[in-house]
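**Student:** Sequence plus predicted model, see below.
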Amino acid sequence: MSVACHGESHPSLQDTRVGLRIRLSRRAVAMIAFSSLLLACRPAERAESDTKLSEGAAQLFVHPDSFDFASNPKLLERIRESPHGYFRFINIPFSRAVCDRFEHLSDEGPLGSSRFPFNLHGDAHVEQYAITDLGRGLTDFDDSSEGPAWIDGVRFSVSLRLAAMVNGWENRSDDVVAEFGRGYWDVIADSTLSAPVPAVVARYQAAFEYDSLAYLASVDSMMQPLSETERQALVTSLAPYAELMLATNSGLPADFFHPVHIGALQLGVGSALDKKDLVRLTGRTADPADAVVVELKRVRSLAGIPCIQADDDDPFRVLQGGARIAYQPFRFLGFVEHDGEMFWTHAWVANYEELKVGESFRDPEELAEVAYDVGVQLGLGQLRDVGGAFQQMVRVSVQERGREIEAELFEESRVLAREVVEAWEAFVLASDGPGS
């Protein structure tokens, strides 16, 4: 592993990996290495205060006492499990730090991102890449907004480096990040380009099963009960959404959006503490197999990220991000106003698998294929509908400006990856306690 305690080195970590690789999965080996690092870094002075963190890592450190994990202890486990889990949880402070570090790159020119802001995913990382019945690509646009392209570029590059680290491929991380950049610049130069389907996508889709009743039973098992008062209030709030969906989706029966089963949902890492609900709708017929599942997610505040443009309670920033960046947007994108808050909506699909950094990839080449694919997706989506009649001018400006700053972004992604690991170590130590 390329990360060690301040002033120490641990050559035994690599020996440990090699010795156990025969008997353990790649993920288990990597986790042993992480655990060894934590144990080696446990002197009292590191546990006393986060003031021992480097300046960069301090920007990325969030104290576990800042959140109430009592209602979702599994979330705390997932954050502690690996640097990438922690990285997923800290998107807002991470984006704030990226804005701060690259403020000098803000383009105020006539064709720059200040005049023509890019469409941003806002939380681009490897585990946002999903394989579904509809296709593949980055999903989950809760944090989408508009702003400079490097918000997404740096975040996904750091995610790739952490994914390589978890798998023991640190020596290939530069190559993988370079593939991400290659995909981006290839499609900026030729907007008709289509990326090859990554091998991991074909493997997942080949294993998909189509059993509607089993899928719906699984959905029902995820729903947490609501009180009858809460349920009735949500049914009332759904009525305008149903009317809008019927008006904008011709050919659907009048009771298509009638709620059959409603429950709260508790999934995710970065969004785990956000309010979410699941609704099973009647669908085209009364046959249970025809039911459609829609998720409601509260529109998240992006306050404190200075270099983006986003209204906190505006569901359309999420809907627009999905429509412009997704390879295949989900059905029934819309919004619901409920209990004084705004929620955005989308339909689920029967087969949906998000990549897992420690389990999905057989080798660095598979990770690189996904990196290239996401580069193409972001290159297409970030500029979709940007510049209007002058988009070609904007595209040329992006190519010229991007090549000037590419090396700086590449190098800073290395630095940020190391700082995420350092902040994660501090989080794990700070969250240690009886029974941990």
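**Tutor:** Now that the structure is in, tell me what you want to look at.
**Student:** Counting neighbours, what do you get for residue 393?
**Tutor:** Residues near residue 393, counting by other C-beta atoms under 10 Å, number 13. In short, each C-beta sits where N, CA and C put it, glycine included.
**Student:** Sorry, wrong one. I was asking about residue 119.
**Tutor:** Other residues close to residue 119 by other C-beta under 10 Å number 26.
**Student:** got the phi/psi numbers for residue 320?
**Tutor:** When read as degrees, to the nearest 10, the backbone of residue 320 gives phi -70, psi -40.
**Student:** and what of residue 60?
**Tutor:** phi -100, psi 0.
**Student:** In this protein, what helix or strand scores lowest on average pLDDT?
**Tutor:** helix 12-20 (a mean of 33; mean pLDDT, DSSP states H and E).
**Student:** List the residues that contact residue 149.
**Tutor:** Contacts of residue 149 were listed using C-beta atoms under 8 Å, 6 or more residues apart in numbering, and they are 113, 118, 120, 378, 382, 398, 402.
**Student:** Show me these that map onto strands.
**Tutor:** 118, 120 (DSSP state E).
**Student:** My read is that residue 57 contacts residue 424, right?
**Tutor:** No - in this structure, residue 57 is not within contact of residue 424 by C-beta atoms under 8 Å, at 9.1 Å.
**Student:** Neighbour count: those two, which is higher?
**Tutor:** Between residue 57 and residue 424, counting by other C-beta under 10 Å, residue 424 is the more crowded of the two (28 against 21).
**Student:** so what's the more buried one closest to, chain neighbours aside?
**Tutor:** residue 86 (4.0 Å; C-beta to C-beta, 6 or more residues apart in numbering).
**Student:** For the strand or helix carrying that neighbour, enumerate the helices and strands it packs against.
**Tutor:** Taking DSSP states H and E as the criterion, residue 86 maps to helix 83-89. Applying 3 or more C-beta pairs under 8 Å, 6 or more residues apart in numbering; DSSP states H and E, we find helix 83-89 packed against helix 73-81, helix 150-166, helix 391-430.
**Student:** List the buried residues in it.
**Tutor:** For helix 83-89, burial by neighbour count (16 or more other C-beta atoms under 10 Å) applies to 83-89.
**Student:** who's in contact with stretch 194-211?
**Tutor:** Contacts for stretch 194-211 (C-beta under 8 Å, 6+ apart): 131, 133, 136, 183, 187, 350-351, 353, 355, 360-362, 365-366, 369-370, 372-373, 375-377.
**Student:** What about these, which are in helices?
**Tutor:** Residues of these located in helices (DSSP state H): 183, 187, 365-366, 369-370, 372-373, 375-377.
**Student:** Apply the buried test to those residues and list what passes.
**Tutor:** When the ones in helices among the contacts of stretch 194-211 are checked for burial by 16+ other C-beta under 10 Å, the buried set is 183, 187, 366, 369-370, 372-373, 375-377.
**Student:** so residue 341 makes contact with residue 297?
**Tutor:** No - with contact defined as C-beta under 8 Å, residue 341 and residue 297 do not form a contacting pair (10.7 Å).
**Student:** higher neighbour count, those two?
**Tutor:** Using other C-beta under 10 Å as the criterion, residue 341 and residue 297 rank with residue 297 on top: 22 against 12.
**Student:** Distance of the more buried one relative to residue 265?
**Tutor:** 9 Å (C-beta to C-beta, to the nearest Å).
**Student:** likewise residue 209?
**Tutor:** 22 Å.
**Student:** picking up where we left off before, contacting residues for the residue nearest to residue 424?
**Tutor:** 79-80, 420, 423-424, 427.
**Student:** Chain neighbours aside, what residue packs nearest to residue 406?
**Tutor:** With sequence-adjacent residues excluded and distances taken as C-beta to C-beta, 6+ apart, residue 406 is closest to residue 181, at 6.5 Å.
**Student:** Helix, strand, or coil at the one you found?
**Tutor:** helix (DSSP: H, G, I helix; E, B strand; the rest coil).
**Student:** burial of it, as a residue count?
**Tutor:** Quick note: residue 181 (other C-beta under 10 Å) scores 19 neighbours.
**Student:** Would you mind measuring from it to residue 398?
**Tutor:** Separation of residue 181 from residue 398 (C-beta to C-beta) stands at 13 Å.
**Student:** Was I right to think the residue nearest to residue 406 contacts residue 405?
**Tutor:** No - between residue 181 and residue 405 there is no contact under C-beta under 8 Å: 11.5 Å.
**Student:** buried set for the helix or strand where residue 201 lies?
**Tutor:** Assigned by DSSP H and E, residue 201 belongs to helix 199-206. For helix 199-206, the neighbour count (16+ other C-beta under 10 Å) marks 200-201, 204-205 as buried.
**Student:** which residues of the stretch 1-150 of the chain fall in strands?
**Tutor:** 118-120, 129-132, 136-138, 145-147 (DSSP state E, counting those that start in this stretch).
**Student:** for the ones you listed, which one sits closest to residue 192?
**Tutor:** Closest approach to residue 192 among the strands of the stretch 1-150 of the chain is made by strand 136-138 (17.4 Å; C-beta to C-beta).
**Student:** Each with direction, which strands does that closest one pair with?
**Tutor:** The strands beside strand 136-138 in its sheet (DSSP bridges) come out as strand 129-132 (antiparallel).
**Student:** Measure how buried the nearest residue to residue 224 once chain neighbours are set aside is and give me the count.
**Tutor:** Spatially, and ignoring its direct neighbours in sequence, residue 224 is nearest to residue 264 (4.2 Å; C-beta to C-beta, 6+ apart). Residues contacting residue 264 under the criterion other C-beta under 10 Å number 16.
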